[in-house]
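[1] next comes the sequence, and after it the predicted model I'd like to discuss.
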Amino acid sequence: MPRLLFFCLFLFICCPPAGATGAVVRKISISGPITPVVAGYLQRNLQEAEAGRENLMLITMDTPGGLDSAMRDSVKLIMSSTVPVVVYVAPSGARAASAGAVIALAADICAMAPGTNIGAAHPVTMGEKPDKVMMDKVVNDAEAYLEGIAAKRGKNVKLAGQMVRESLSLSADKALDGKIIDMISTDQAQLLAELHGLSLIRDGKKLVIETAGAEVRGHEMVAKERILNVISNPNVAYVLMMLGFLGIFFELSNPGVMLPGIVGGISLILAFFALQALPVNYAGVLLLLLALVLFIAEIKIISHGMLTVGGVICLVLGSLFLFESSEPYLRVSWSVITVTVLATTVFFVSAVALSIKAHRKKPLTGIAGLIGERGTAETDLNHEGKVFVHGEYWQASSDSPVRKGEEVAVVAVEGMRLKVKKA
């Protein structure tokens with residue numbers, strides 16, 4: 001019996017079951033705008049896949065587009081990868097638009113799920129709109145770039161050019177008919193089955209893809225990448241910037257509290273990191289800074305509310321001008337702007353109102369706090385005498401006679417002597 005078990009174990013090791021090829025497929029997901037964080041996420045996984053000699057990199061994609069710099073970095077990584085890269089536009093309803101279409105065409109194999117679309121890769125400028133000559137240069141460069149990628153991967157060069165110049169977008173069926181993509185797969189299992197046995201040319205050598213029975217290992221973003229990806233959202237970056245301004249304002253208004261200053265500083269640093277990946281209009285940033293200055297000045301200078309009004313106007317205009325892009329995913333939503341501006345305005349107005357109220361409040365201590373206080377004459381005051389005020393005996397003078405026991409009011413303080421009058 002032990003010999004039989006040993007023999008069976010030997011057969012299992014030497015002749016593994018059908019389908020157990022030992023192939024490994026690394027799977028990552030790109031969902032949302034293409035940003036430097038996404039490019040870094042792709043780079044890390046490609047490096048790990050090459051180091052682990054994995055068989056395939058599978059990228060599921062659903063993106064509206066993104067930054068040109070991040071897109072070009074991603075394309076260079078895919079084109080130079082020693083591990084075959086497959087982009088799968090999925091699930092149904094997903095899209096690979098703009099920068100996503102370029103990355104998809106750069107892959108060794110591009111597949112789509114039914115009900116998806118690809119294209120609309122016309123470049124979108126950020127900030128100030130360029131003149132016609134400069135815009136033509138940008139479009140021509142993007143068209144040549146995508147046509148070169150399509151030619152390299154054996155795709156339809158003419159349709160690739162139309163994706164840029166005419167913002168052409170294709171459904172999965174039309175993309176397959178037009179030889180923009182390689183296959184349509186209903187799900188991941190069908191995709192892996194269709195990929196098995198396909199051959200690619202790498203460095204002049206034939207490479208056969210083996211995915212039958214392959215182990216698919218999903219790799220999500222690590223904590224650092226997730227955090228950076230979240231704050232790269234325009235809405236989050238905007239809120240972080242406003243929190244930073246509020247924290248700095250509170251710290252300057254109440255030095256030594258520490259916590260608001262620390263939170264505000266961290267928020268501003270994170271916001272500035274996000275701004276490098278977004279279409280920032282620095283006129284908007286300056287308007288927001290001017291709003292902060294005006295709000296702080298309102299506490300120090302009596303302007304009867306004019307500085308506050310100016311601060312609110314700068315806050316609204318700065319919020320509207322902060323990001324300039326025709327793409328909705330690169331702008332702050334109106335609802336976020338409205339809520340943030342209202343909350344910030346209420347905060348500043350309340351802070352200013354409390355400050356003004358504190359300044360106008362009668363002093364309760366010190367020499368100034370004695371003015372207006374009432375007391376009792378301890379002696380007759382014929383110009384000079386003693387009074388009892390605020391729990392203490394004082395030498396006092398009065399311009400008019402005051403009898404002992406009568407109530408007096410303090411009108412002035414002259415050194416250590418009070419000047420009083422009959423109350």
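    Looks like it arrived, so ask away. Residues are numbered from 1 along each chain as shown.
[2] residue ranges with poor pLDDT in the chain?
    Residues of the chain meeting the criterion pLDDT under 70: 1-21, 125-130, 277, 302, 325-329, 352, 355-370.
[3] now for the strand or helix carrying residue 100, which elements pack on it?
    Element membership for residue 100 (DSSP states H and E) is helix 99-106. Helix 99-106 sits against strand 56-62, helix 68-79, strand 85-89, strand 117-119, helix 132-152, with contacts defined as 3 or more CB pairs under 8 Å, 6 or more residues apart in numbering; DSSP states H and E. Yep, even glycine has a C-beta here, placed from its N, CA and C like the rest.
[4] list the helices and strands the second one packs on?
    Right, helix 68-79. helix 36-51, helix 99-106, helix 132-152.
[5] Serialize those to a markdown table and add fields for mean neighbour count and distance to residue 354.
    Listed next are the helices and strands packed on helix 68-79 as a markdown table, based on neighbours: other CB atoms under 10 Å; distance: least, CB to CB, whole Å:
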| stretch | mean neighbour count | distance to residue 354 |
| --- | --- | --- |
| helix 36-51 | 19 | 41 |
| helix 99-106 | 28 | 49 |
| helix 132-152 | 15 | 51 |
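[6] out of those helices, flag the one nearest residue 82.
    Residue 82 sits nearest to helix 36-51 of all the helices and strands packed on helix 68-79, at 5.3 Å, using CB to CB.
[7] sorry, back to before: in CSV: the helices and strands packed on helix 99-106, plus distance to residue 188.
    Below are the helices and strands packed on helix 99-106 laid out as CSV (distance: least, CB to CB, whole Å):
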stretch, distance to residue 188
strand 56-62, 8
helix 68-79, 19
strand 85-89, 7
strand 117-119, 18
helix 132-152, 25
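[8] looking at the ones you listed, which is closest to residue 330?
    Closest approach to residue 330 among those (CB to CB): helix 68-79, 12.0 Å.
[9] now the angle from the closest one to helix 99-106?
    Orientation check (axes from the mean of the first three to the mean of the last three CA atoms, to 10 degrees): helix 68-79 against helix 99-106 gives 20 degrees.
[10] and the longest helix seen in the chain, what's buried?
    With secondary structure taken from DSSP state H, the chain has its longest helix at helix 334-360. Buried residues in helix 334-360, counted by 16 or more other CB atoms under 10 Å: 336, 337, 340, 341, 344, 345, 348, 349, 351, 352.
[11] next one: stretch 105-123
    By 16+ other CB under 10 Å, the buried positions in stretch 105-123 come out as 105-113, 116-123.
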